[in-house]
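Student: Everything below, folded, please.
(2 chains)
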Amino acid sequence: MSKSDAPFFVGYLNIPKGLKGFLLKVSLLLFFGFTAGALLAGATQDDPGQAGFRFDFGRQTVEGVIQAKPYPLLHVTKGNERIEIGETLMLTGQGKSGAMASIAALEGTVIEATGILLNRGELRMLQLLGGNRGFKSLETDGPVPASESLGTWRLQGEICDGKCLAGAMQPGRGLAHKACANLCLIGDIPPVFVSSQPIDGEEYFLVGSVEGGSLSAAAYDYVGNFVEIEAALERQGDLMVLKLDPKRIKVIR
Amino acid sequence: MSVKYIPVQWNSNKWKYNAIMLASVFVYLLIFIELTPGIMDNEGRINTQVHNARAFGSCAFFMLSVILCIGPLARLDRRFLPLLYNRRHFGVMTAFVAITHAGYIVDWYFAFSKSNKYEALLFANTSFSQVSGFPFEVFGIFALLCLIILAATSHDFWLKFLSPPVWKSIHYLIYAAYIAVIAHVSLGILQDQQNHVFTLTFVAAGLCVAILHLLAALHERKHGDAAGDTSGDWIAVCNISEMNEGFANIVTLSGGERVAVFLHQGKLSAISNACAHQNGPLGEGKIIQCLVTCPWHGFQYDVTNGRSPAPFTEMVPTYRVKLVGDQVMIDPDANPPGTFVEPVPMPITEGA
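Tutor: Below is the predicted model:
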């Protein structure tokens, strides 16, 4: 087609006849291209797995002994139909705030805790109700189970924030979620290591520092990555706890 | 063309353009948000906020890819020029879709802490020294700021206020934004993908943009405007036999400026090739009702003086033309915009 024969489009004039069919095809291509794009991108998202707040269980009220370090734990002494005696529950506050600030002073005492359970498989966490409604001191001391050393282990897996991992967010792990996870850890949410190889049937491990306190902020750079760690493993109640030195973390990918 | 600024100068083609664009975006979001959760055979349910963020984010990416394909497509095949006509509305819509994506992200991943969510966006991940785990959010913030700047300055008021060259330079930010989006997605969601269908569509869209730009550049090199013979004071443009009534031949001067020499009613006139509106290629336009009409947005100029017809005020520089034998020549020194130049009659050929 010569230059003078080619249809010439001017926006404020009628579309030339020679262009109408072509533009109709382009419009249909755009429309159906977006339709196909939505199906391809939307329907092939990865499965975040079964996890989340168990609102279907309702509020849970149990009694137990508080262990404040490395993160607030409740060793259950009086359970209910959902939470058994002897279970060690990780505790968390509302949103991206842990329970450390409100619970730390109650170390070694018995409390009545009320909240909503979150769980991903065997990983369970209790989000305490807000304000003073989440716990009540029963003003008696109780025994914190002695920790049992299980030696030093080299493991591969991912450091996550325990709350999002347990289903507060779906998906709640991975590098796309790293900033959110870091923000949770900054707020004292318990970190959890997801091991690619279970130990004694456990694949989720609470992570603290070598000294027994909170995870060092130096480890935040590795959150969400697939890493290899070398850490001392302890059993505290029925919970496995890793004592991790950030220098012993190596990024695998 | 306008003599006063109004938000949008609607016409039936803009309505049609926007209707097709909005229908495409609407169907994308509708299918992604409402339909795909029922299609996925997943054990767990993705949070609504994350699902919506992904819908708007991926939609913005595909919109941006389409926008960036329009330019090279129009270079390769002039039939795509109508897609260029209202591309600004496509861009503004993309900015809104991207803002919605950012809103879902900030109000979900960065909310619920004791810190301000916008501050948290900046400090939550500071692993700048590593590739895997890099705070990819900064690329998203940068791209979003670019898109907002482009959308905010898209109106003709800014075009005139900033001048077309400055405005055009600012709007090249679209490429920086696209590269930032590629980095944002590559270092973010793609790092966690187990199902690679989105990865493949993402790569395909990015490659499409890159390949079309490459093809357009090759096409330009092969079929681009001839560089004028600068051996004398006057520049040779073409032989008179190459001129077509109502159309132009374009020549590139040594400084890079392009001049369009038109044949109109048997006479030759030369004006700048750059439209005063958005630097559109006037020489690729056509004379309609005695006026050179820009192929991009239909701005018009009198070919003898480079002035838009009253009441419009746009002007482009003109050039002197002469014939040396069969050769069309122009004086490379541009006249001030709007200067009348007497058209040069073509010789009457035998049998004409």
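
Student: can we go C-alpha only for contacts and neighbour counts from here?
Tutor: Fine.

Student: Backbone dihedrals for the closest residue in space to residue A:235 that isn't next to it in sequence, both of them.
Tutor: Closest residue to residue A:235 apart from its sequence neighbours, by C-alpha to C-alpha, 6 or more residues apart in numbering or on different chains: residue A:148 at 5.0 Å. Main-chain dihedrals, residue A:148, degrees, to the nearest 10: phi -120, psi 120.

Student: where in the stretch 201-350 of chain B is pLDDT low?
Tutor: Low-confidence segments of the stretch 201-350 of chain B (pLDDT under 70): B:224-232, B:349-350.

Student: So which residues of it form strands?
Tutor: In the stretch 201-350 of chain B, strands defined by DSSP state E, counting those that start in this stretch lie at B:226-227, B:235-239, B:248-252, B:258-264, B:267-272, B:286-288, B:291-293, B:300-302, B:318-319, B:321-324, B:327-330, B:344-345, listed in chain order.

Student: Identify all contacting residues around the longest one.
Tutor: Outside strand B:258-264, the residues that touch it by C-alpha atoms under 8 Å, 6 or more residues apart in numbering or on different chains are B:243-253, B:268-274, B:282-283, B:287, B:290, B:303, B:319.

Student: quick one on the thing from earlier: want to throw the strands of the stretch 201-350 of chain B into CSV with mean neighbour count?
Tutor: CSV is the format used below for those (neighbours: other C-alpha atoms under 10 Å in any protein chain shown):
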stretch, mean neighbour count
strand B:226-227, 16
strand B:235-239, 21
strand B:248-252, 24
strand B:258-264, 27
strand B:267-272, 27
strand B:286-288, 21
strand B:291-293, 25
strand B:300-302, 26
strand B:318-319, 28
strand B:321-324, 17
strand B:327-330, 22
strand B:344-345, 16
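
Student: and the contacts of strand B:258-264 near chain A, which?
Tutor: When contact is defined as C-alpha under 8 Å from any C-alpha of the partner chain, these meet chain A at B:244, B:246-247.

Student: okay, and for the stretch 1-150 of chain A, where does confidence drop off?
Tutor: Ranges of the stretch 1-150 of chain A meeting pLDDT under 70: A:1-4.

Student: For residue A:253, give me its contacts.
Tutor: So residue A:253 contacts A:225-227, B:132 (C-alpha under 8 Å, 6+ apart).

Student: Most neighbours among those, which one?
Tutor: In terms of neighbours by other C-alpha atoms under 10 Å in any protein chain shown, the contacts of residue A:253 top out with residue A:225 at 23 neighbours.

Student: so the closest residue in space to that residue that isn't next to it in sequence is in which element?
Tutor: Distances taken as C-alpha to C-alpha, 6+ apart place residue A:158 nearest to residue A:225, at 5.9 Å, with adjacent residues excluded. Assigned by DSSP states H and E, residue A:158 belongs to strand A:148-161.

Student: Pull out the buried positions in that strand.
Tutor: Within strand A:148-161, the residues that count as buried by 16 or more other C-alpha atoms under 10 Å in any protein chain shown are A:155-161.

Student: Distance of residue B:165 relative to residue B:294?
Tutor: The gap separating residue B:165 from residue B:294 is 17 Å, by C-alpha to C-alpha, to the nearest Å.

Student: do residue A:33 as well
Tutor: Separation of residue A:33 from residue B:294 (C-alpha to C-alpha) stands at 30 Å.

Student: so which residue of the stretch 1-150 of chain B comes closest to chain A?
Tutor: With C-alpha to the nearest C-alpha, the shortest gap between the stretch 1-150 of chain B and chain A falls at residue B:44, namely 4.2 Å.

Student: neighbours of that residue, just the number please.
Tutor: Residue B:44 has 17 neighbouring residues, counting by other C-alpha under 10 Å.

Student: how about it, what does it touch?
Tutor: A:47-51, A:170.

Student: restrict these to those near chain B?
Tutor: Counting by C-alpha under 8 Å from any C-alpha, the members of the contacts of residue B:44 near chain B are A:47-51, A:170.

Student: In strands only, show me these.
Tutor: Among the ones next to chain B among the contacts of residue B:44, none falls in strands (DSSP state E).

Student: Let's have those in a markdown table, adding neighbour count.
Tutor: Converted to a markdown table, the ones next to chain B among the contacts of residue B:44 look like this (neighbours: other C-alpha under 10 Å):
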| residue | neighbour count |
| --- | --- |
| A:47 | 17 |
| A:48 | 19 |
| A:49 | 18 |
| A:50 | 17 |
| A:51 | 24 |
| A:170 | 24 |
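
Student: Show me which pair in these is furthest apart.
Tutor: The distance between the two most remote of the ones next to chain B among the contacts of residue B:44 (C-alpha to C-alpha) is 10.9 Å, for A:47 and A:51.

Student: Tell me which residue of the stretch 201-350 of chain B lies closest to chain A.
Tutor: Residue nearest to chain A within the stretch 201-350 of chain B: residue B:298 (5.3 Å; C-alpha to the nearest C-alpha).
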